[in-house]
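A.B. asks: here are the coordinates; sequence isn't available:
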């Protein structure tokens, strides 16, 4: 059985650390990589048809920009290193979306970087790492 790892990637220092960690694991143990970039998106409940159309256009622009600026360079670099990678771009709550991606991809592990956020805001609203640790369908590795 081939191992599959989902990496939550956002081009931050934590995201880069998570990707480096996953690549080292894959080089040592084999497997494949799913590079997942999730754009936080909260739906509004009452929108006019014009607002819905505008939001849809903005979402398409943001997805295209993320594909080109965030994931494209990483995929090119990984290809040079001989790593096979799939990418996925989604909108939604980050932890929930990463869990859904892991289930859909039949992944064995999720790896994310730690953002360093601590304090009142993460206790009040929760963190992606904390949420994933509680609800993920597979083991989660949080890389400092």
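C.D. replies: Great, that's in hand. Note that the coordinates shown come from a computational prediction; the quantities given were computed from them, not determined experimentally. Residues are numbered from 1 along each chain as shown.
A.B. asks: Tell me which stretches of this protein form strands.
C.D. replies: Secondary structure of the chain, counting by DSSP state E: strands at 4-8, 32-39, 85-91, 109-113, 140-143.
A.B. asks: out of those strands, nearest to residue 74?
C.D. replies: For residue 74, the closest of these is strand 32-39, at 6.4 Å, according to CB to CB. Every C-beta, even on glycine, is put in place using the N, C-alpha and C of the backbone.
A.B. asks: Could I get the contacting residues of the nearest residue to residue 71 once chain neighbours are set aside?
C.D. replies: With sequence-adjacent residues excluded and distances taken as CB to CB, 6 or more residues apart in numbering, residue 71 is closest to residue 87, at 4.8 Å. Residues in contact with residue 87 (CB atoms under 8 Å, 6 or more residues apart in numbering) are 34, 35, 36, 37, 67, 71, 75.
A.B. asks: okay but the first one is in contact with residue 8, surely?
C.D. replies: No - in this structure, residue 34 is not within contact of residue 8 by CB atoms under 8 Å, at 9.9 Å.
A.B. asks: Looking at those two, which is more packed in?
C.D. replies: Neighbour totals were compared for residue 34 and residue 8, and residue 8 leads with 28 against 22 (other CB atoms under 10 Å).
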